[in-house]
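*Asks:* this one's structure only:
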């Protein structure tokens, strides 16, 4: 059940998505704007034409935009939708919001991170002062009729008096998040199922620990004895993980520290096509539907671009990469 | 002010204690029962005869017991006082409680850790269900007259209704802790002031980040370029640290993972003398007052015992050490 | 028939209650032995972890404290208290905690704090540590006790760790989402809790112990009508315990 | 006299506001330049960190996003969002955040969410990200804006990040313990906030810009009576910026 060996958990992206994710689920996306987006799983979700997903994230970029653009998302709780200079505001996200195609609710990055943290610790809520008197606090995004159903809390947040203060002292209570599924991309998974993420972890660990199911894609599988020789470096114990997909470059076109940089040429390509429905559909056809697995996707990206973004061993990114 | 270089921060234990700790301060102890107790600093506090300290910790052992026994402690918030099999209940702690020599208040380990976490994050409190209906919740330890003064919160904890639950759902709110000073022992500090702890961190990081001042003793100083080559392994940024004391074996007789094990012969010695006021005073004289610094302390411990407890490079503890 | 000690019987009896895949919150002493017995004999996929943050250590040598460096070696993850207690309470996992105490009442509530007035006790113990948290958050708790009248009491001097509180549905009504004591394993017998009243009853006596012996050492009324005899440890169980788990006889003595 | 661009003037003007030892919460773009200018010129002990968890990176190359792998390289610590925002709000530290926005009002409140009805806006921006948190928790905030009437507005369409709220003591009364906007740095001028009313006033105009130019581009009444002229960037400042900080001209273009 919480087996130590990876064998039962190693599977294809197709199997992982069909086994652990279903229509209407609340899905948490790992990574942050241009780094470690679980792109392979995002593309697989689109291929399986899963609909009505309820996405929860702090700041997200490429995977989020693709999922929204492909019509997989009905609800979104978010702090930030952008892909750095390649899309200061995520293009399909912006369009979906302005066209009323998705229901959404805004929080801040700290607020969302605190909600994941509360969920990961089994606490009902977290208290913060961040956001007092702002519209993040004053305006709810989801319709009242949906409050208290499925994964939508009965209120967006609450404000109470701090019982430990001598004088008037208001704090915001943020409801915990416990998504149905988290998808994250890691550099390493051990043959025992232990996950090791290098570089910034963003809120990936809180998201994974808060979720009922976790799907991990990774660059490399390492022997058990190696990954356990220095457990201080590890990120998640095996028993949190339901599925492991060994798929190098599966965060492409976003970056994976120590393995590859973000791919400016692909992100520019996306930037050019995403704004128009027809060209975006073509992109989906060409880069998602017509490339059924990671191998064919990488063939399409091509060796030249993969080599160009390869990370410098010492710096962890592609030194001198043309990013203009 | 938050300089990057360690030079301004490197000092003796004597200077660190006299500069950053004063009578009546709230002091947080790093480590856990038999591991990474900041023993050098504890002995220095005793030598400087600081009184009326208000100690906050989760589970603590050797340093706590020494400080209580030497009469440095007036107030104590604690989850557990014990030193493994060498003192299932800390001996001077037990005596001080039964003789009414200190004021104390009990929490659980998770509760204390949550209070440090709240303090480290600048949150006013944390919510948990752990402890509902227990005497941890029902009985306050500190006198009502001291509530709301100094570092003693106006109430030990509070119980509220979870505003996100549809039905009756009570949760405990635990007040944040923000000690005046934390003392911790780490394996490594970089020449830039970065702290790296190997093995379990217990709640050391939360304690340090919650405190106004942090004193760190360490086994080794590492070059800046080395400690920054793999920042994923580091524990605390330089700007949290006020004083660094380079003092190998300064957690002795408790363990320091990868450097040395706990010292069963010293802990047994302590166990034998701590129960009696006269023999305990002799111990203090011999092992604290008469050994003014770490060098003379280690001379007294002796090479034989230091070598016996030296950690195996691969396992991180002294393989086959006689621990009976 | 192989000779065995009461401690061996306790460790093996408790170990048998573990299901494969359980996540075990262990202390030291007999609870370490019980957890490791289970993992090495019939629950190979169970995971032992410690409140200090050591998850699934190799345990080539037995730790003598939960902060012993032996709980940091060969783990899948070295972390800290916050992470550990978060795992303990995570509803995804079946987490079983082993606890000991100075006093227990008929509903499995525990005292590990003090005897007498809380503010000026005549005996002081280490305190909750993670016991209150384990009793509050784990899926189930297995309790080790020395079976003595002064320990099995009508009323606790201090309630450190919540069991079934006042019985029936009171634990749930107090706000706990799950958990509660599963069994009490002593040097004489194994007790369980009635599924409705949540009162302790005698489940099994060890070979050579009678229900009357148990009654004599229990400070409150206990139903003995459902008791049967516990199975003695097998040679295989004893051999694993003695040769693989505690060859240095640090705990078995 | 050396030529310089508006962007260079903005970066250098903001950089000059940093004190040595400040802990700087930086975004990308001009805020990256400002933070690095300060650190390389007059505030060598300041520390640049990112909400994503990168603390004090080497920054041999300029990051183009706060999750750029360049913010993870040569840091003293790689962590995550929880740790970063905890540092941001830690009362031990003087933390200064750089923020931009789509709209600003006279009290330095910011909108980076949307224009029009929140539920069905006619323009949508990325959202708060960490901006609301920085504006809530940091010791001080320096705001970068393009100086246009449609951006300096009487009333925000959406209040994402709290400035001085409705002025006077309102920020404090709302529950914030510290912080508030320190200055607004635009392509024309530098604005500050009155110490009593917390209303924005014109502090300095850039060489070649008049107070009237500023009035023309500001959508609310702004006091210009206290304004003087800003110092142009020195050759030294420009040289550091161009040769050491953004030699690839990724941001300076």
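*Replies:* Now that the structure is in, tell me what you want to look at. This is a predicted model, so every value here is computed, not measured.
*Asks:* right, is the helix or strand hosting residue C:173 up against chain A?
*Replies:* In this assignment (DSSP states H and E), residue C:173 forms part of helix C:170-174. No - interface with chain A: helix C:170-174 contributes nothing (C-beta under 8 Å from any C-beta of the partner chain), its closest point being 15.0 Å away. Heads up, the C-betas are built off the backbone N, CA and C, glycines and all.
*Asks:* Need the residues that contact that helix.
*Replies:* The contact list for helix C:170-174, computed with C-beta atoms under 8 Å, 6 or more residues apart in numbering or on different chains, reads B:132-133, B:170, C:162-165, C:179-180, C:198.
*Asks:* Heading C-terminal from that helix, find the next helix or strand.
*Replies:* Beyond helix C:170-174 toward the C-terminal end (DSSP H and E), the next one is strand C:181-186.
*Asks:* Where is the longest helix in chain A?
*Replies:* helix A:109-121 (DSSP state H).
*Asks:* quick one: that one to chain centroid distance?
*Replies:* The chain centre lies 14 Å from the centre of helix A:109-121; the measure is C-alpha atoms, centre = their mean, to the nearest Å.
*Asks:* How about that helix and chain D, any contact?
*Replies:* Yes - contact between helix A:109-121 and chain D, assessed by C-beta under 8 Å from any C-beta, occurs at A:109-111, A:113-114, A:117.
*Asks:* Quick check: pLDDT value at residue C:183.
*Replies:* According to the per-residue confidence, residue C:183 scores 98 in pLDDT.
*Asks:* Quick check: it touching residue C:143?
*Replies:* Yes - assessed by C-beta atoms under 8 Å, residue C:183 is found in contact with residue C:143 at 7.1 Å.
*Asks:* And those two? Which one has more around it.
*Replies:* residue C:143 (26 against 20; other C-beta atoms under 10 Å in any protein chain shown).
*Asks:* Show me which residues of chain C are close to chain A?
*Replies:* So far as C-beta under 8 Å from any C-beta goes, chain C lies against chain A at C:20-21, C:23, C:44-45, C:47, C:55-56, C:58, C:72, C:74-78, C:82, C:85-87, C:89-93, C:137.
*Asks:* and with 6 Å instead?
*Replies:* Where chain C comes near chain A, counting by C-beta under 6 Å from any C-beta of the partner chain, the residues are C:21, C:45, C:55, C:74-78, C:86, C:89.
*Asks:* residue ranges of the strands in the stretch 1-150 of chain C, please?
*Replies:* C:23-25, C:47-49, C:54-55, C:77-78, C:95-100, C:103-104, C:110-111, C:114-116, C:121-124, C:140-145 (DSSP state E, counting those that start in this stretch).
*Asks:* cool, and the stretch 51-200 of chain A?
*Replies:* Along the stretch 51-200 of chain A, counting by DSSP E, counting those that start in this stretch, strands occupy A:53-56, A:59-60, A:73-78, A:80-81, A:103-106, A:125-128, A:158-161, A:170-175, A:181-190, A:195-196.
*Asks:* Adding distance to chain C, mean pLDDT and mean neighbour count, write the ones you listed out as CSV.
*Replies:* Listed next are the strands of the stretch 51-200 of chain A as CSV, based on distance: least, C-beta to the nearest C-beta, whole Å; pLDDT from 0 to 100; neighbours: other C-beta atoms under 10 Å in any protein chain shown:
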stretch, distance to chain C, mean pLDDT, mean neighbour count
strand A:53-56, 17, 98, 25
strand A:59-60, 24, 96, 32
strand A:73-78, 21, 98, 24
strand A:80-81, 26, 97, 31
strand A:103-106, 24, 98, 22
strand A:125-128, 13, 98, 25
strand A:158-161, 18, 97, 15
strand A:170-175, 16, 98, 22
strand A:181-190, 7, 98, 27
strand A:195-196, 9, 98, 24
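*Asks:* Ok, which of those comes nearest residue A:36?
*Replies:* Of all these, it is strand A:181-190 that lies closest to residue A:36, at 4.7 Å by C-beta to C-beta.
*Asks:* anything in the closest one near chain B?
*Replies:* No - using C-beta under 6 Å from any C-beta, strand A:181-190 stays clear of chain B, with a minimum separation of 10.2 Å.
*Asks:* The nearest residue to residue C:113 once chain neighbours are set aside: what's it in contact with?
*Replies:* Leaving aside its chain neighbours, residue C:113 sits nearest to residue C:158 (4.3 Å; criterion: C-beta to C-beta, 6 or more residues apart in numbering or on different chains). Contacts for residue C:158 (C-beta atoms under 6 Å, 6 or more residues apart in numbering or on different chains) come out as B:135, C:111, C:113-114, C:118.
*Asks:* which one of those residues has the most neighbours?
*Replies:* Tallying neighbours with other C-beta under 10 Å puts residue C:113 at the head of the contacts of residue C:158, with 31 neighbours.
*Asks:* That residue contacts residue C:126, correct?
*Replies:* No - with contact defined as C-beta atoms under 6 Å, residue C:113 does not count as touching residue C:126 (8.4 Å).
*Asks:* returning to that earlier point: which one of the residues of chain C next to chain A is nearest residue D:219?
*Replies:* Using C-beta to C-beta, residue C:86 is the member of those that lies nearest residue D:219, at 48.6 Å.
*Asks:* ok, now which ones touch the closest one?
*Replies:* Neighbours of residue C:86 in contact, by C-beta under 6 Å, 6+ apart: A:120-121.
*Asks:* so how far is residue A:186 from it?
*Replies:* Separation of residue C:86 from residue A:186 (C-beta to C-beta, to the nearest Å): 19 Å.
*Asks:* now swap in residue A:295 and tell me
*Replies:* Using C-beta to C-beta, residue A:295 is found at 20 Å from residue A:186.
*Asks:* And residue C:250, by the same measure?
*Replies:* Per C-beta to C-beta, residue C:250 is found 38 Å from residue A:186.
*Asks:* which residue does the stretch 51-200 of chain C bring closest to chain D?
*Replies:* Proximity of the stretch 51-200 of chain C to chain D (C-beta to the nearest C-beta) peaks at residue C:82, 10.8 Å away.
*Asks:* wait, doesn't that residue sit right on residue B:111?
*Replies:* No - under the criterion of C-beta under 6 Å, residue C:82 is not in contact with residue B:111, lying 11.5 Å apart.
*Asks:* So which of those two has more stuff around it?
*Replies:* Per other C-beta under 10 Å, whichever of residue C:82 and residue B:111 has more neighbours is residue B:111, with 28 against 21.
*Asks:* give the contact list for residue C:160.
*Replies:* Contact analysis of residue C:160 by C-beta under 6 Å, 6+ apart lists C:110-113, C:128, C:132.
*Asks:* in chain C, which spans are helices?
*Replies:* Taking DSSP H as the criterion, chain C carries its helices at C:6-15, C:30-41, C:81-89, C:131-137, C:170-174, C:211-216, C:235-239.
*Asks:* Buried residues of the first one, list them for me.
*Replies:* Using 16 or more other C-beta atoms under 10 Å in any protein chain shown as the test for burial, helix C:6-15 gives C:7-15.
*Asks:* In terms of secondary structure, what does it contact?
*Replies:* Helix C:6-15 sits against helix C:30-41, strand C:181-186, with contacts defined as 3 or more C-beta pairs under 6 Å, 6 or more residues apart in numbering or on different chains; DSSP states H and E.
*Asks:* No further questions, thank you.
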